[in-house]
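Asker: generate a structure from the sequence data that follows.
(2 chains)
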Amino acid sequence: MTVKTRFAPSPTGSLHIGGARTAIFNWLYARRNNGKFVLRIEDTDRSRFTKESIDEIIGAMRWLGLDWDEGPVRQSSRLRVYQELARELLESGKAYKCYVTPEELEERRKAYLERGEVLRYKREWANENAHPDNSYSIRLKTPDDGIIEVKDILRGVVRFNADEIDDFVILRRDGFPTYNFAVVVDDADMKITHVIRGDDHLINTPRQALLFDALSYDVPKVAHVSMILGSDGKRLSKRHGATSVLAYRDAGYLSEALVNYLVRLGWSHGDQEIFSKEELIDKFTLDSLGRSPAVSNPEKLNWLNAYYIKKKPAKQLAELILPIMQEKGCPAQVDNKLAMIIEQLRERSKTLNDFVAQSSYFYADDIEYEQKAKDKFLKEENIPLFNTLIVKLTSIQKFNHSSIHKALEEVVNETGLKFGKIAQPMRVALTGGTVSPGIIEVAEILGRNKVITRLNRAISSI
RNA sequence: GUCCCCAUCGUCUAGCCUGGCCUAGGACAUCGGCCUUUCACGCCGAAAACAGGGGUUCAAAUCCCCUUGGGGACGCCA
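Answerer: The predicted structure is shown next:
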């Protein structure tokens, strides 16, 4: 049987990294087994749904490189299917109409809660006469006692007491299915073989098992993956900063780094930390998924991102960096200069934005000095040094790495200064700060004109 | 409150199923050192964990029970 998995987000917001991770797992499992991967949009709650959210989720999936073979299928386009099936359950006596209103339910729930109890709805107000307006929801008849067993790939057999499960609504009074019902119908219709989803759904599984049974469908295999927690051990939320996938993109993370990071949160393959997408597809297995919740570790993401930036072919890096630069009004273009800058900055950048931030002095017409750097290195005593540098660098025939290097060595010999004593003032003059790539490389990239101009400017600023 | 899941360095994890090879391995972060023209990179090294208590066994991180702690769920949300 062909493996078929799905990712089924509800379009009520952006795709966050927890959802992205389960999407990745499903995608990997399908790809690993030459199966199919379905994208299904669970938009059965009209009050919470937004169109922008669908677009954003799809954009995020694409950015992550997760392609799907079917869909996106919107549940809202399948209402008739759910309604028909609900009707069948009604007719066969497995479900019944419930006339109680949501308001009444809420009141009742509150009353229970005050007594320290939880309302378990078991065929209580199914009486049509009670509500002349005749609108109703449809509830599934669930067993009053006994044990419902659920088999989970990661957790083994999990048992639930039937009396803990109420007669849950499968079709709302507005004709829309509820989550559990739509999931079961769709998973069966789409012939999903493996459901990989968040831990928070484990509790829904017995309800869905009941539905699969009532509809005489085959039950897919399920694996409940633990959730991602914030650094405080609490459920991930806006409080924890960036949680949406696209926010990571905008912060300058590479998708391959995010994917690698997310996969390693709850999955492992021995001691290996770095995985290409091909390797993941080759090595991904369900049974090496972890069972315990994982706390997000942004530092490790940074490390991975830095790693992937270091490894990325310069040309591809340029393509990613250029738009960010241009957005900042930087006149960069794909040329030899950018290539040299990439060469120098890739080792010093944790994110693409980081990279761009460090590159500004290569393109700016004029630079600003950091106060501390200026105070320390742009001093009267360095004026002769700057003058010597100007003379030497002006007299160079061909302004390149080896000639600059040679010129600086001559300055070392003539002044008797240590190289560092020359490099730092020069660095401040050329970049405005005390941190940069090697000074020879900086000078070479800048070119003679800018170097001389900036040295002169350093002198006049003293 | 009830039910369900989970528990190895600060964090992600290997080892657990199929007890002995574990003096518990790797990675991030941290700290030290080397390299050095600043900052990084890189390299070398250090510190750092089997939640607690009972069993079972010749032997337990590994199996069982309890406690504790964390997470999840208890919607006509998903």
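
Asker: check the offset of stretch A:231-245 from the chain's centre.
Answerer: 12 Å (Cα atoms, centre = their mean, to the nearest Å).

Asker: how about it: buried residues?
Answerer: Buried residues in stretch A:231-245, counted by 16 or more other Cβ atoms under 10 Å: A:236, A:240, A:242-245. Every residue, glycine included, has its C-beta placed from N, CA and C.

Asker: now the terminal residues of that stretch, how far apart.
Answerer: 17 Å (Cα to Cα, to the nearest Å).

Asker: got a list of contacts for it?
Answerer: Under the criterion Cβ atoms under 8 Å, 6 or more residues apart in numbering, residues A:13-18, A:20, A:56, A:60, A:63-64, A:227-230, A:248, A:251, A:258, A:295-298 lie in contact with stretch A:231-245.

Asker: any idea which element A:Thr5 lies in?
Answerer: strand A:4-7 (DSSP states H and E).

Asker: contacts for that strand next, please.
Answerer: Taking Cβ under 8 Å, 6+ apart as the rule, strand A:4-7 contacts A:19, A:22-23, A:26-27, A:29-30, A:35-40, A:61, A:66, A:68, A:187, A:190-196.

Asker: now intersect the residues you listed with the helices, please.
Answerer: A:19, A:22-23, A:26-27, A:29-30, A:61, A:187 (DSSP state H).

Asker: among the residues you listed, which one lies nearest to RNA strand B?
Answerer: A:Gly19 (9.1 Å; Cβ to the nearest atom of the strand).

Asker: redo the ones in helices among the contacts of strand A:4-7 as JSON lines? Include pLDDT, distance to A:Gln344 and neighbour count.
Answerer: JSON lines is the format used below for the ones in helices among the contacts of strand A:4-7 (pLDDT from 0 to 100; distance: Cβ to Cβ, whole Å; neighbours: other Cβ atoms under 10 Å):
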{"residue": "A:Gly19", "pLDDT": "94", "distance to A:Gln344": "37", "neighbour count": "24"}
{"residue": "A:Thr22", "pLDDT": "96", "distance to A:Gln344": "39", "neighbour count": "25"}
{"residue": "A:Ala23", "pLDDT": "97", "distance to A:Gln344": "36", "neighbour count": "27"}
{"residue": "A:Asn26", "pLDDT": "98", "distance to A:Gln344": "40", "neighbour count": "28"}
{"residue": "A:Trp27", "pLDDT": "98", "distance to A:Gln344": "36", "neighbour count": "27"}
{"residue": "A:Tyr29", "pLDDT": "97", "distance to A:Gln344": "41", "neighbour count": "23"}
{"residue": "A:Ala30", "pLDDT": "97", "distance to A:Gln344": "41", "neighbour count": "27"}
{"residue": "A:Met61", "pLDDT": "97", "distance to A:Gln344": "34", "neighbour count": "23"}
{"residue": "A:Asp187", "pLDDT": "97", "distance to A:Gln344": "52", "neighbour count": "26"}
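
Asker: am I right that A:Ala95 is in contact with A:Lys141?
Answerer: Yes - because the distance of 6.3 Å satisfies Cβ atoms under 8 Å, A:Ala95 is recorded as touching A:Lys141.

Asker: ok, the two, which is more surrounded?
Answerer: Taking other Cβ atoms under 10 Å, A:Ala95 and A:Lys141 do not tie; A:Ala95 has more neighbours (26 against 16).

Asker: could you measure from that one over to A:Ile170?
Answerer: To A:Ile170, A:Ala95 is 6 Å away according to Cβ to Cβ, to the nearest Å.

Asker: anything in contact with each of the two?
Answerer: A:86, A:89, A:138-140.
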